[in-house]
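Novice: Let's see this in three dimensions:
(one chain, ligands or ions: 1)
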Amino acid sequence: MKIIVGLIHHESNSFNPELTDIEEFKILKGEEIREKGEALTRTSLKGIIDVLVKHNFEVLPTVVALPTSEGGLVKREAYNYIKEIYLEELSKHEKIDGVCLDLHGSMTTEDLDDAEGDILAETRKMVGNETPITVALDMHAMVTDKMMKNADALVSYRTAPHLDKYETGAKAADMLAKALKENIKLTMAGYKISYLVSGEKSETDKYPMNELLRRIEEVDKDQEVLYSSYCLGFPWADVEFNTASSIVVARGNKNKAESKARYLADEFWKKRYDFKFTTPAYSLEEALKIAEGEREFPIFIMDSGDNPGAGSNQRIVEPLIYLKSKGYKRVLYGSVCDKEATEKLKQAGIGKQQKILLGQRNTDPQSGKVELTCTTKNIRKYGDVTSVLAQINGIDVIISDKKVVMTDPEFVFSLGVRLEEYRIVMFKSGYLAPEYKPYARKVMLALTPGYTYQELEKIPYKRVKRPIFPLDKIDTIEPEPFS
Ligand SMILES: [Zn+2]
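Specialist: Take a look at the predicted model:
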C-alpha cells in the first residue's frame, strides 16, 4: 500500500513584524528525505516512517519544511513554494492508499491564516474522501474546522517541552495502519475551548497540565477510543480561530468521540484559573534584586519576551541596556541575533575593541539599533550559526548571525563559556530548557518586552475571537464543537 508522508512546520508569531522567508526553512524534496534522514531525528515524521515501514507500507516522501527557529508570519511566496513542492510530489503518485503528515498546526502566512487547513483541504481534493489522512500535530496547534473536516485523525504531542514527537508520529501512523489493515473507520470529534495560554504556564510535568493529561489517559482506556489530545493553541498568533481544543478519535462511533471530547473540554475549563507560571515570574528589576540576595550561582533569568522558540526576533536589547546602566558584572546575556554586528566583530578578530550597532532597542521596529563598545573574547561557528562572545562593560554578550533557540548547552560551551563563572545567566528563552537545568542554582522568568510578551492580558489582540479566557474573565463561555 502506498502512503504519502511529509513535514511542514512553523509557529508563526503575528506580533513579530519581520516576515519569515524560505531561507529560514530546511527544505528537502521527495527522495532527498530518505537520503538525508538525519535531519528528521527529533521529528514526528521519523516516527511516522518507522511505523509505516514496520507495516510494510510503501512510503512516498513529499516535502520536509523545517524552520531553523520560529518567527514572524510566513511570506506568501515561501508558503507557496513549500506547498507547490508538496503537491507536485503528491501528484507523481497514483492510487494512494493513505496520507500521514507531520504538521505544526500554527502556521500563518501574511494573507492566509489557516495554512494547515489549506494543506489538508488540497490533500483531500487530490486523494478523495475514501483515502484516510492522519496527522501528528504540535501541542501548540490552533486546530480549525477546516483541519478537522479534511483529516480523519489529528493527534498532538503530550509533552511540553516536547519530548514525544517521535511517539506522536508513530501514533498517527499506527492509526492509519488500523484504518487500512483492520478496516477501522476513524471517527473524530473535538471542541474549541476559548482559552489562551503560554507554554510557560502549561509545562506538562506541572499542575494543571499533568492532571489534564491523566484525564486524557483515562479517556484512552475506553475500548472505542483510539487516541485523544489537547491542543493548546499559540498565544502569539492574532487570528480569529486561536483557541485551545480537545480532540478524540474513536473507532467509528461518532457519539463516543463527541462525548469524550466534550468531557475533556469541560475538564480543561474547570482548571481555567489554575494555569500559573511554572517558573516564578517577576519584572526584570525584581528578578535582579532577588538574584543579588542569593549565595549560590549562577542564577538563570529568562528574557522571556524575546524568545525565538516562540517566534520573537531575538534582537531586543532593552534588558541588556538596563543591566549595563546598573553596572551589573559577571553576567552572560544572549543570544542577540545581529548579522551585521557578528560580521563586524568577526572581521576585527579576537581581543579587539570595537564600536558596534546592536539589535533593536525595543519592540518598535523604528526604535533603531544601540551603539555599544565591546571587546571580542571568542568567535565560533556552531552548526550553521556564527557567534561572537563579546564583553560589554563586564557583561559577556553572545551575538549570533542567526536566531538561536537556547536549548543546547554545547552551543555556549563552543564559545569557551563556563557557566559556573557567572552570577547571572540571562537567556532569550521562555522556560529554561531541561538541558540547562543542571547548571542553574535558581531559575526566574523576567517579564521582559518582546514579541513573546508573557502577560497575555496586556497584549493588544485585534483578531482573536472574544470572549476568551483570560483576556475576558467570563466563567460561562461554553466549549464549541468543531463543525
Ligand atoms: Zn509547541
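Novice: All the helices of the protein, residue numbers only.
Specialist: Ranges of helices in the chain, per DSSP state H, are 32-35, 44-54, 76-91, 115-127, 145-149, 165-181, 209-220, 254-270, 284-292, 318-325, 339-348, 409-413.
Novice: For the fifth one, which helices and strands make contact with it?
Specialist: For helix 145-149, the helices and strands in contact under the criterion 3 or more CB pairs under 8 Å, 6 or more residues apart in numbering; DSSP states H and E are helix 115-127. C-betas here are computed from N, CA, C, even on glycine.
Novice: Out of the helices of the chain, flag the one nearest the ion.
Specialist: Set against the ion and scored by CB to the ion, those come closest in helix 165-181, at 9.6 Å.
Novice: The biggest strand by length in the chain: which residues count as buried?
Specialist: Identified as the longest strand of the chain according to DSSP state E is strand 370-382. Judged by neighbour count (16 or more other CB atoms under 10 Å), strand 370-382 contains these buried residues: 370, 372, 374, 376-377, 379-380, 382.
Novice: wait, what's in contact with residue 280?
Specialist: 443-445 (CB atoms under 8 Å, 6 or more residues apart in numbering).
Novice: Let me have these in TSV, extended by pLDDT.
Specialist: Output for the contacts of residue 280, formatted as TSV (pLDDT from 0 to 100):
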residue	pLDDT
443	98
444	98
445	98
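Novice: which of those are close to the ion?
Specialist: Residues of the contacts of residue 280 in contact with the ion (CB under 5 Å from the ion): none.
Novice: Adding neighbour count, write those residues out as a markdown table.
Specialist: What follows is the contacts of residue 280, written out as a markdown table (neighbours: other CB atoms under 10 Å):
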| residue | neighbour count |
| --- | --- |
| 443 | 16 |
| 444 | 24 |
| 445 | 24 |
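Novice: quick check, nearest of the residues you listed to residue 255?
Specialist: Nearest to residue 255, judged by CB to CB, of the contacts of residue 280 is residue 445 at 42.9 Å.
Novice: Residues contacting stretch 344-352, please?
Specialist: Counting by CB under 8 Å, 6+ apart, 354, 356, 374-379, 386, 388, 390, 399 sit against stretch 344-352.
Novice: Go ahead and measure how far it is from the middle of the chain.
Specialist: Averaging C-alpha positions (CA atoms, centre = their mean, to the nearest Å) puts stretch 344-352 34 Å from its chain's average.
Novice: re the thing from before, of the buried residues of strand 370-382, which pair is most distant in space?
Specialist: Using CB to CB, the two most remote members of the buried residues of strand 370-382 are 370 and 382, lying 24.9 Å apart.
Novice: any idea how the chain splits into domains?
Specialist: What automatic domain parsing lists as the domains of the chain is 2-270, 281-453.
Novice: doesn't residue 330 make contact with residue 421?
Specialist: Yes. Contact criterion CB atoms under 8 Å: residue 421 and residue 330 qualify, at 7.1 Å.
Novice: and these two? which has more neighbours close in?
Specialist: The neighbour comparison of residue 421 against residue 330 (other CB atoms under 10 Å) goes to residue 330, with 14 against 11.
Novice: which residue sits closest to the more buried one, ignoring its sequence neighbours?
Specialist: Nearest non-adjacent residue to residue 330, counting by CB to CB, 6 or more residues apart in numbering: residue 423, 4.4 Å away.
Novice: OK, contacts around that neighbour?
Specialist: So residue 423 contacts 291, 297-299, 329-331 (CB under 8 Å, 6+ apart).
Novice: again, but for residue 294
Specialist: Contacts for residue 294 (CB under 8 Å, 6+ apart) come out as 441-442.
Novice: Tell me the backbone dihedrals of it, please.
Specialist: With angles defined as degrees, to the nearest 10, residue 294 sits at phi -80, psi 160.
Novice: Please report how far it lies from residue 394.
Specialist: 18 Å (CB to CB, to the nearest Å).
Novice: next one: residue 331
Specialist: 7 Å.
Novice: the more surrounded of those two?
Specialist: Using other CB under 10 Å as the criterion, residue 331 and residue 394 rank with residue 331 on top: 24 against 12.
Novice: Quick one, grab the pLDDT at that one.
Specialist: As predicted, residue 331 sits at a pLDDT of 98.
Novice: Give the bridge partners for it, please.
Specialist: Using DSSP bridges, the bridge partners assigned to residue 331 are residue 395, residue 424.
Novice: my read: it touches residue 419, true?
Specialist: No. Contact between residue 331 and residue 419 fails when scored by CB under 8 Å: they sit 11.8 Å apart.
Novice: what is in contact with these two at once?
Specialist: residue 425.
Novice: if we can go back for a sec, with the contacts of residue 280 in mind, which one is nearest to the ion?
Specialist: Closest approach to the ion among those (CB to the ion): residue 445, at 17.4 Å.
Novice: Now do the contacts for residue 375.
Specialist: 351-354, 390-391.
Novice: So which of these sit within strands?
Specialist: Checked against DSSP E, these include these in strands: 353-354, 390-391.
Novice: from what I can see residue 274 touches residue 208, true?
Specialist: Yes. Contact criterion CB under 8 Å: residue 274 and residue 208 qualify, at 4.2 Å.
Novice: For residue 72, which residues count as its bridge partners?
Specialist: With DSSP bridges as the rule, residue 72 is bridged to residue 13.
Novice: looking at it, it is touching residue 13, isn't it?
Specialist: Yes. In this structure, residue 72 is within contact of residue 13 by CB under 8 Å, at 5.7 Å.
Novice: quick one: which of those two has more around it?
Specialist: The neighbour comparison of residue 72 against residue 13 (other CB under 10 Å) goes to residue 13, with 29 against 22.
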